[in-house]
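Peer 1: Structure of the sequence below:
(one chain, ligands or ions: 1)
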Amino acid sequence: MSLRIIFPNAPMRLALAGAIVCATGMAAGLPAIEGEVTFSKDIAPILQRSCQNCHQPDAAAPMSLLTYSQVRPWAKTIKARTLIRDKQGVMPPWFVEKDFGIQHFKNDPSLSDMDLAKISKWADTGAPEGNPADLPPAKELGGNSKWTAGEPDLILKTAWINVKSSAPDYFGELPNMPTGLMEDRYVKSVEMREENDYSGAGGRQTVGSRYVIHHMIWTVNVPGMPSAGDDFNADTASGSWPIHEVGRNADFFPDEAGKLLRAGSVLNPYSIHTHSNGRDTRARLLYGFKFFPKGYKPAQRYAPRSLGDGGNVELSANKAEQRFDAYQVLEEPTKIKSYEPHLHAAGTRMCLEAIWGHTIETLNCVGYDHNWVIVYDYDDDYAPLLPKGTILHLIGYFDTTPANKNVTDPRNWKGSGNISISNMFHDNGESIGLTEEQFLLEMTRRKDKLKWTRNDVIIGCPLCNSEPLPVNNKKAPAAAASTGAGGGQ
Ligand code: HEC
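Peer 2: Predicted coordinates:
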């Protein structure tokens, strides 16, 4: 085991890691790898798992990383871009800080310390190919047209739009799309992806060189029924839907809380923002819905989470470490289904804390790169379970110095606003409201399944390791006496 030193202050950690990398030429804190590291045996499996969904022909990334000859020229760059860990520019784009907070997410593509150590050693030892017989079977490809969440049950397509090479940014709406559903269905996942006639040639070397639809905000309504937008009651509506944003991953809804898509409903793509990629491009957005089986009913319902500050972000010019705070008191027991930091170009990091009485826990800190809007979906057994009265505390960090490559002009003061060079500070993640009974049941289920004892530190569930009261647990005094533990401490 390597020794991990925790520095909660991000710039300090980065500076220290940088100093060690420079001094020794080796990456700090990585496990030692015995023997030769080869492309075929060690690197190809990592690329298959975490990189090739984008680094293949006709997908998001500028180059393919499938074969040895494609990967070999990039060895040093791959080492550099993966070792950034949770900061802007890291590959794969996934920014969860790993030295504290919850570490269990759905579809986490990030690299382990062991992966990083292998990549590092491989790049430093001449990037050998090894024996091609060691290669894993090739991964199934599909380019930009592959649904990462699986083949959808329902696909809806917006109207085509044309974005000229020199077009200014455009904000507007697109025509409604009837879902054609004849009966109510509950949605298990929704994935949104842009389809366009990009040929792969030229352009800018960013994710924005591939796509022109920067975002799409949409609602679902049934004509003649009240708008579903603000109604979070699962019996009548499903509340808000995830926003499409360039670089975004698919959204999965928990087994207990599918989202309702009503019979006869119509999808209303009411706020599109397009941004030219430097070429004349024809594009549209595809929505892929996967459903729970017919007859499914959710046991839990969504709860509004309104965390952030839309209007008061005020950033000094050319200054790092600018911080903003926002708070929300939970009015019912709540499960945090997902965490979705939403800052704009100046944003670099966001932390979410839960304050319960004297307990203050950092649920997660994640880096932020406005090229990639990522939703972090918690694993079902680790999603924060917070009692009524918990205060959620959101902390946003901004950097307007040239160190932040996304800031176009470090000389300017910056305020709040919708465009990417103005600022936002939100957690767009989703919450599930629980009854007291559901809350207790879910804690008990997790305790039993994961065999937690009162000595485990369970981040994000302040009541999970409190013992049941002796009156409810007749065995407690006897068990305490037999171990000599002193009972009930
Ligand atoms: C979600 C899509 C996605 C995934 C997953 C992904 N990449 Fe990338 N990668 C991109 C895009 C888009 C770019 C170009 C923009 C940029 O440089 O950030 C890029 C750029 C790069 C570059 C820099 C290229 C240059 O011109 O300097 C390297 C190296 C790289 N990726 C390696 C990797 C490796 C290694 C992995 C897996 C460990 C990975 N990427 C996973 C999309 C992805």
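Peer 1: Near the ligand, which residues of the stretch 1-150 of the chain are found?
Peer 2: Residues of the stretch 1-150 of the chain lying close to the ligand (CB under 6 Å from any ligand atom) are 50-51, 53-55, 60-62, 74, 77-78, 81-82, 91-93, 109, 111. Quick note: C-beta positions are derived from backbone N, CA and C, even for glycine.
Peer 1: out of these, which are inside helices?
Peer 2: In this view, these that belong to helices under DSSP state H are 50, 77, 78, 81, 82.
Peer 1: is it possible to export those to TSV including distance to residue 209?
Peer 2: Listed next are these as TSV, based on distance: CB to CB, whole Å:
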residue	distance to residue 209
50	21
77	17
78	20
81	17
82	21
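Peer 1: In TSV, list those along with neighbour count, distance to residue 160 and pLDDT.
Peer 2: Listed next are those as TSV, based on neighbours: other CB atoms under 10 Å; distance: CB to CB, whole Å; pLDDT from 0 to 100:
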residue	neighbour count	distance to residue 160	pLDDT
50	19	33	96
77	12	36	98
78	23	36	98
81	15	34	97
82	22	37	98
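Peer 1: Would you state the helices of the stretch 101-250 of the chain in chain order?
Peer 2: 113-124 (DSSP state H, counting those that start in this stretch).
Peer 1: Show me what the nearest residue to residue 105 once chain neighbours are set aside bridges to in the sheet.
Peer 2: Counting by CB to CB, 6 or more residues apart in numbering, residue 376 is the residue found nearest to residue 105 once chain neighbours are left out, at 5.4 Å. Beta bridges link residue 376 to residue 339, judged by DSSP bridges.
Peer 1: Look at residue 376 and say how many residues are nearby.
Peer 2: Using other CB atoms under 10 Å, residue 376 has 22 other residues around it.
Peer 1: Same question for the one 3 residues further on.
Peer 2: Other residues near residue 379 number 14, with proximity taken as other CB under 10 Å.
Peer 1: and the gap between it and the ligand?
Peer 2: According to CB to the nearest ligand atom, to the nearest Å, residue 379 and the ligand sit 20 Å apart.
Peer 1: Now do the residue nearest to that residue when sequence neighbours are not counted against residue 456, distance only.
Peer 2: Distances taken as CB to CB, 6+ apart put residue 104 closest to residue 379, at 3.9 Å, once the chain neighbours are dropped. In this structure, residue 104 and residue 456 are 14 Å apart, going by CB to CB, to the nearest Å.
Peer 1: Tally up the residues packed near the residue in the stretch 351-489 of the chain that the ligand sits nearest to, please.
Peer 2: Across the stretch 351-489 of the chain, the shortest distance to the ligand (CB to the nearest ligand atom) belongs to residue 371, at 6.1 Å. Using other CB under 10 Å, residue 371 has 17 other residues around it.
Peer 1: any idea of the pLDDT on it?
Peer 2: With respect to pLDDT, residue 371 scores 86.
Peer 1: Same question for residue 12.
Peer 2: Reported pLDDT for residue 12: 36.
Peer 1: Do I have it right that the residue nearest to residue 105 meets residue 337?
Peer 2: No: contact criterion CB atoms under 8 Å: residue 376 and residue 337 do not qualify, at 10.1 Å.
Peer 1: what do those two both touch?
Peer 2: Common neighbours of residue 376 and residue 337, using CB atoms under 8 Å, 6 or more residues apart in numbering, are residue 429.
Peer 1: Surely residue 116 touches residue 30?
Peer 2: Yes: counting by CB under 8 Å, residue 30 is a contact partner of residue 116 at 5.6 Å.
Peer 1: coming back round to it: list the contacts of the residue nearest to residue 379.
Peer 2: Listed by CB under 8 Å, 6+ apart, the contact set of residue 104 reads 378, 379, 381, 382.
Peer 1: farthest pair in the residues you listed?
Peer 2: 378 and 381 (8.8 Å; CB to CB).
Peer 1: Comparing these two, which shows the higher neighbour count?
Peer 2: Comparing residue 378 with residue 381 by other CB under 10 Å, the one with more neighbours is residue 378, at 22 against 11.
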